[in-house]
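A.B. asks: model this:
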Amino acid sequence: MQKVRKAILEDCDIIARIGKESFLWAHGKSASKTDIDNYVAKAYNAHEIEKELRNPLNIYHLIYLEHEVAGFSKLVLNTPNPNIKEPNIALLDRIYLSSAFHGKNLGNHLFDFNLTFSKTQNQKGIWLAVWTENHRAINFYQKNGFEIVDKYDYKISETHSNPNHIMFLPLE
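C.D. replies: Presented below is the predicted three-dimensional model:
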């Protein structure tokens, strides 16, 4: 059985673990090992996740399969993007699943949850950034109605950035 709930401070370690694993799985070869290791150590540790959870603008949700956390999402409401004219749009900053749960339709369930949640919060659309080489994610988002509207360079280190697509989905 699938279940989604809002994350709490006690979830920092599991979010950091899944975030690190998922980022390495999707982006691990996108830069040098040193750059990736330093980025992951900085971005996906319990202290950093706790800071994000304490920020009321960041909305984290966990998805469970049975009684095990399978992944998480991070949504930021009312986050404008200079390339999108629509007001009141949400940033889907992360939607990560532990690799052990790939292929179980949990990504779709968590994605649908975020769409519904965004609509209840009067958001007129959702945008996100996705690495141009993450074809699996790009295909998933395009299949769900997102369109590429621009590009963005995501900074991994002082010397390396990854090209990303900015994708947008208007909500009705």
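A.B. asks: List the contacts of the residue positioned nearest the centre of the chain.
C.D. replies: By C-alpha atoms, centre = their mean, the mean C-alpha position of the chain lies nearest to residue 94, the distance being 0.8 Å. Applying C-beta atoms under 8 Å, 6 or more residues apart in numbering to residue 94 gives the contacts 19, 72, 73, 74. All C-beta spots, glycine's among them, are computed from the backbone N, C-alpha and C.
A.B. asks: Residue 167 too?
C.D. replies: Going by C-beta under 8 Å, 6+ apart, residue 167 touches 127, 128, 129, 130, 138, 141, 142, 146, 147, 148, 149.
A.B. asks: what's the helix or strand for it?
C.D. replies: strand 161-170 (DSSP states H and E).
A.B. asks: Any idea how far that strand is from the middle of the chain?
C.D. replies: Mean-position distance between strand 161-170 and its chain equals 12 Å (C-alpha atoms, centre = their mean, to the nearest Å).
A.B. asks: gap between stretch 106-116 and the chain center?
C.D. replies: How far stretch 106-116 lies from its chain's middle: 12 Å, per C-alpha atoms, centre = their mean.
A.B. asks: Go ahead and name everything in contact with that stretch.
C.D. replies: Residues from elsewhere that reach stretch 106-116 (C-beta under 8 Å, 6+ apart): 2, 4, 61, 63, 65, 70-73, 75, 90, 92, 95, 97, 126, 140, 144, 169, 171.
A.B. asks: same deal with stretch 120-136?
C.D. replies: 26-27, 30, 77-79, 81, 84, 86-93, 114-115, 118, 137-138, 141, 146, 149, 151-152, 154, 162-171.
A.B. asks: Select only the buried ones of those in ChimeraX?
C.D. replies: Buried residues within those, by 16 or more other C-beta atoms under 10 Å, are selected in ChimeraX with:
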select :26,27,30,77,79,81,84,89,90,91,92,93,114,115,118,137,138,141,146,152,154,162,164,165,166,167,168,169,171
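A.B. asks: can you map out the helices along the chain?
C.D. replies: Ranges of helices within the chain are 12-27, 33-43, 46-54, 106-120, 135-143, based on DSSP state H.
A.B. asks: In TSV, list those along with mean pLDDT.
C.D. replies: TSV is the format used below for these (pLDDT from 0 to 100):
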stretch	mean pLDDT
helix 12-27	94
helix 33-43	93
helix 46-54	97
helix 106-120	96
helix 135-143	93
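A.B. asks: Looking at the ones you listed, spot the one closest to residue 158.
C.D. replies: helix 33-43 (8.9 Å; C-beta to C-beta).
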